[in-house]
Each structure stands twice: as C-alpha cells, then as structure tokens.
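Novice: Structure, please.
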Amino acid sequence: MSLKSLVKTAVKFAPIVIPIVQKALKAKKNVKK
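Specialist: Below you'll find the predicted structure:
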C-alpha cells in the first residue's frame, strides 16, 4: 500500500471513526465523575 492510498482510506473512514472516538472520550469523562 502506498501512502496516497492510505490517506484516501483514512479520509473515507474519518467521518465514521471520529464520532465514535468522540463518544468514547465523552463516556470516559462521565465515568470519572
């Protein structure tokens, strides 16, 4: 796999992955309270 194809894949999955990561971070913050 070339770097360009990796970047293209990252861009494709970013909209899916980012909300999941944000939810996970929020959940961790809630647990600490």
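Novice: for the chain, what spans make up the helices?
Specialist: Secondary structure of the chain (DSSP state H): helices located at 3-32.
Novice: what's the distance between Lys28 and Gln22?
Specialist: Noted for Lys28: a distance of 11 Å to Gln22, by Cβ to Cβ, to the nearest Å. To be clear about C-beta, it is placed using only N, CA and C from the backbone, and glycine gets the same treatment.
Novice: and Ile18, how far is that from Ala24?
Specialist: From Ile18 to Ala24 the distance is 11 Å (Cβ to Cβ).
Novice: Equivalent analysis for Val17, please.
Specialist: From Val17 to Ala24 the distance is 10 Å (Cβ to Cβ).
Novice: Please apply the same query to Lys8.
Specialist: For Lys8, the distance to Ala24 - Cβ to Cβ - is 25 Å.
Novice: Val31 too?
Specialist: In terms of Cβ to Cβ, Val31 sits 11 Å off from Ala24.
Novice: Could you check which of the two has the larger neighbour count?
Specialist: Ala24 (10 against 7; other Cβ atoms under 10 Å).
Novice: what number of residues lie near Lys8?
Specialist: By other Cβ under 10 Å, neighbour count at Lys8 equals 11.
Novice: if I pick it, what's in contact with it?
Specialist: Neighbouring residues of Lys8 by Cβ atoms under 8 Å, 6 or more residues apart in numbering: there are none.
Novice: Could you number the chain from 38 rather than 1 from now on?
Specialist: In the new count, where the first residue is 38, that last one comes out as Lys45.
Novice: List the residue ranges of this protein that fall below the pLDDT cut-off.
Specialist: For the chain, the stretches with pLDDT under 70 are 70.
Novice: swap the cut-off to 80 and go again
Specialist: 38, 69-70 (pLDDT under 80).
Novice: so how far is Val44 from Ala51?
Specialist: Taking Cβ to Cβ, one finds Ala51 at 10 Å from Val44.
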